[in-house]
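*Asks:* From the sequence below, what's the structure:
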Amino acid sequence: MKLTILGCYAATPRTFTNPTSQILEIKNRLFLIDCGEGTQVQLRKNKIRFSKINHIFISHLHGDHFFGLIGLVCTFTLLNRNTDLHIYGPKGIKEIIKLQLRLANSWTNYGLHFHELESNESQIVFEDDKAIVKTIPLKHRIYTNGFLFEEKMDKRKLNTDAVQNYEIDKCYFQNIKNGKDITLDDGRLIKNAQLTFDPTPPKSYAFCSDTAYNEAIIPIINGVDVLYHESTFLQSEETLAGKTMHSTAREAATIALKANVKQLVLGHYSTRYENISLFKEEAETIFSKVLLADDGRSFDF
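*Replies:* Residues are numbered from 1 along each chain as shown. Next comes the predicted model:
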């Protein structure tokens with residue numbers, strides 16, 4: 001599982017920082033999460049193949065999380081895209097994008113599918129044979145969802161030495177990988193555990209931005225491998241965080257601790273701060289495993 005941060009700063013873009021956007025790679029699937037202004041430039045800088053992006057998840061309709069979407073949709077047309085594109089986001093996202101396309105007379109030459117979200121309960125919004133994606137209802141000034149990405153369990157790994165020792169024919173290999181026991185010609189039953197290795201444990205990633213401190217998300221994200229949680233402010237601006245319905249680094253760390261996550265990644269920093277290492281220092285007073293997102297930074301989990 002690889003996370004590439006394209007942008008992780010709040011509000012307005014600057015020459016050296018970008019608003020929220022990130023790429024999550026799970027089992028050769030690329031998911032684009034949020035699409036702030038300048039996202040497609042950041043995709044090029046980070047050498048991300050546009051053609052591999054088939055699913056875009058938009059948390060909410062504040063501009064710093066989706067103003068780059070219409071540009072990317074139109075660029076896909078200029079690149080002669082022919083693969084369907086799926087966009088998941090709050091109700092209204094379809095109206096906004098189609099209005100811009102209609103007034104510019106710039107319709108796409110590929111299938112553009114909108115999956116609009118309205119529920120205040122966690123729901124499955126995407127599923128295939130490799131991964132499943134659920135919403136995480138967040139607490140912000142407008143309707144907002146985070147997203148929980150979960151790998152599906154791989155098939156068991158064949159122990160080639162064991163199957164050779166039992167002289168098992170290759171025609172049974174798929175059944176063995178699927179977890180089935182095997183009965184030999186002499187009648188002996190060989191348990192699957194004797195013929196296979198456990199698969200790599202599936203990984204999970206939770207994206208939570210933008211949101212005020214909200215313990216209601218804990219049951220949904222409990223035990224995830226990686227939690228990206230917004231930390232717009234430091235605790236010294238706790239009152240401002242409350243008014244704007246954002247979180248502090250300390251609050252993000254508290255959620256990570258209570259949810260028993262394995263790794264916390266902080267982001268969505270207010271541009272008022274010149275030194276983002278202060279966020280890590282504050283969070284580590286509560287939770288020890290803290291990483292700082294920054295534009296262009298990648299993490300392999």
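*Asks:* in stretch 182-190, what counts as buried?
*Replies:* For stretch 182-190, the neighbour count (16 or more other Cβ atoms under 10 Å) marks 182, 190 as buried. C-beta coordinates here come from the backbone N, C-alpha and C atoms, glycine included.
*Asks:* ok now it, how far from the chain's centre?
*Replies:* In this view, stretch 182-190 has its centroid 45 Å away from the chain centroid, taken as Cα atoms, centre = their mean, to the nearest Å.
*Asks:* and if you look at stretch 140-157?
*Replies:* Distance, centroid of stretch 140-157 to centroid of chain: 7 Å (Cα atoms, centre = their mean).
*Asks:* Show the end-to-end separation of it, please.
*Replies:* 44 Å (Cα to Cα, to the nearest Å).
*Asks:* mind listing what's buried in that stretch?
*Replies:* Quick answer for stretch 140-157 (16+ other Cβ under 10 Å): 140, 143-151, 156.
*Asks:* Quick one: mean pLDDT for that stretch?
*Replies:* Computed over stretch 140-157, the mean pLDDT rounds to 96.
*Asks:* what's the answer for stretch 199-210, then?
*Replies:* Here the average pLDDT along stretch 199-210 is 96.
*Asks:* again, but for stretch 224-236
*Replies:* 98.
*Asks:* Over to stretch 272-286?
*Replies:* 97.
*Asks:* How about stretch 19-35?
*Replies:* Rounded mean pLDDT across stretch 19-35 is 97.
*Asks:* Now find how far off-centre that stretch is within its chain.
*Replies:* Distance, centroid of stretch 19-35 to centroid of chain: 6 Å (Cα atoms, centre = their mean).
*Asks:* Then stretch 39-58?
*Replies:* On Cα atoms, centre = their mean, the centre of stretch 39-58 falls 13 Å from the chain's centre.
*Asks:* ok, now stretch 241-255?
*Replies:* So, by Cα atoms, centre = their mean, the centroid of stretch 241-255 is 20 Å from its chain's centroid.
*Asks:* Can you point out the buried residues in it?
*Replies:* 241, 244-255.
*Asks:* Check the separation of the first and last residues in that stretch.
*Replies:* For stretch 241-255, the end-to-end distance is 15 Å (Cα to Cα).
*Asks:* Likewise for stretch 115-128?
*Replies:* One end of stretch 115-128 sits 16 Å from the other (Cα to Cα).
*Asks:* on that earlier part again, turn the buried residues of stretch 140-157 into CSV, including distance to Lys170.
*Replies:* Shown next, in CSV, are these (distance: Cβ to Cβ, whole Å):
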residue, distance to Lys170
His140, 55
Tyr143, 53
Thr144, 51
Asn145, 46
Gly146, 45
Phe147, 40
Leu148, 38
Phe149, 35
Glu150, 32
Glu151, 28
Arg156, 16
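*Asks:* tell me the contacts of Leu227?
*Replies:* By Cβ atoms under 8 Å, 6 or more residues apart in numbering, the contact set of Leu227 is 205-206, 208, 221, 255-256, 259, 261, 263-265.
*Asks:* can you rerun that using 10 Å?
*Replies:* By Cβ atoms under 10 Å, 6 or more residues apart in numbering, the contact set of Leu227 is 146, 148, 204-208, 217, 221, 252, 255-256, 259, 261-266, 287, 289.
*Asks:* quick one: which of the residues you listed sit in helices?
*Replies:* Mapping the contacts of Leu227 onto helices (DSSP state H) picks out 221, 252, 255-256.
*Asks:* Let me have those residues in CSV, extended by pLDDT and distance to Phe301.
*Replies:* Converted to CSV, the ones in helices among the contacts of Leu227 look like this (pLDDT from 0 to 100; distance: Cβ to Cβ, whole Å):
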residue, pLDDT, distance to Phe301
Ile221, 98, 15
Ala252, 98, 18
Ile255, 98, 19
Ala256, 98, 15
